[in-house]
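Novice: Quick one, what's the 3D model for this:
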Amino acid sequence: MLNTSAPSPSEPTSDTPRFRQIADVLRHAILTGALKAHDALPSERSLADDQGVSRMTARRALEALDAEGLCYGAG
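Specialist: Numbers count the residues shown, from 1 in each chain. Alright, predicted model coming up:
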């Protein structure tokens with residue numbers, strides 16, 4: 001399981017939205033190879049539970065990565 005509780009490489013401030021902080025950690029994992037091509041990202045529910053945020057916040061983090069072309073949906 002990916003450790004998404006690790007600090008973001010960009011050292012976010014309290015001004016950084018939580019979804020952006022989560023997306024930064026996931027982006028870093030993708031770009032450094034901690035997540036390989038076609039590895040599954042955490043689900044919205046597991047990401048929300050792990051991070052102590054709502055599913056909407058987790059969804060926004062995953063949508064940010066999708067918008068950047070770093071992930072894709074299975075559907």
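
Novice: Count residues in the vicinity of Asp15, would you?
Specialist: Residues near Asp15, counting by other Cβ atoms under 10 Å, number 6. To be clear about C-beta, it is placed using only N, CA and C from the backbone, and glycine gets the same treatment.

Novice: Apologies, that question was intended for Ala58.
Specialist: If you count neighbours by other Cβ under 10 Å, Ala58 ends up with 25.

Novice: I'd guessed it sits against Ala64; true?
Specialist: No - judged on Cβ atoms under 8 Å, Ala58 makes no contact with Ala64 at a distance of 10.9 Å.

Novice: anything in contact with each of these two?
Specialist: Any residue near both Ala58 and Ala64 by Cβ atoms under 8 Å, 6 or more residues apart in numbering counts here, and that gives Phe19.

Novice: okay, now Ala34: neighbour count?
Specialist: 14.

Novice: can you check Ala64 too?
Specialist: Neighbour count of Ala64, defined by other Cβ under 10 Å: 19.

Novice: So which bits of the helix or strand encompassing it are buried?
Specialist: Ala64 belongs to helix 55-67 when assigned by DSSP states H and E. For helix 55-67, burial by neighbour count (16 or more other Cβ atoms under 10 Å) applies to 57-58, 60-62, 64-65.

Novice: Could you dump those residues into CSV with pLDDT and distance to Thr32 added?
Specialist: Below are the buried residues of helix 55-67 laid out as CSV (pLDDT from 0 to 100; distance: Cβ to Cβ, whole Å):
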residue, pLDDT, distance to Thr32
Thr57, 98, 23
Ala58, 98, 21
Arg60, 97, 22
Ala61, 97, 17
Leu62, 96, 18
Ala64, 97, 18
Leu65, 96, 14
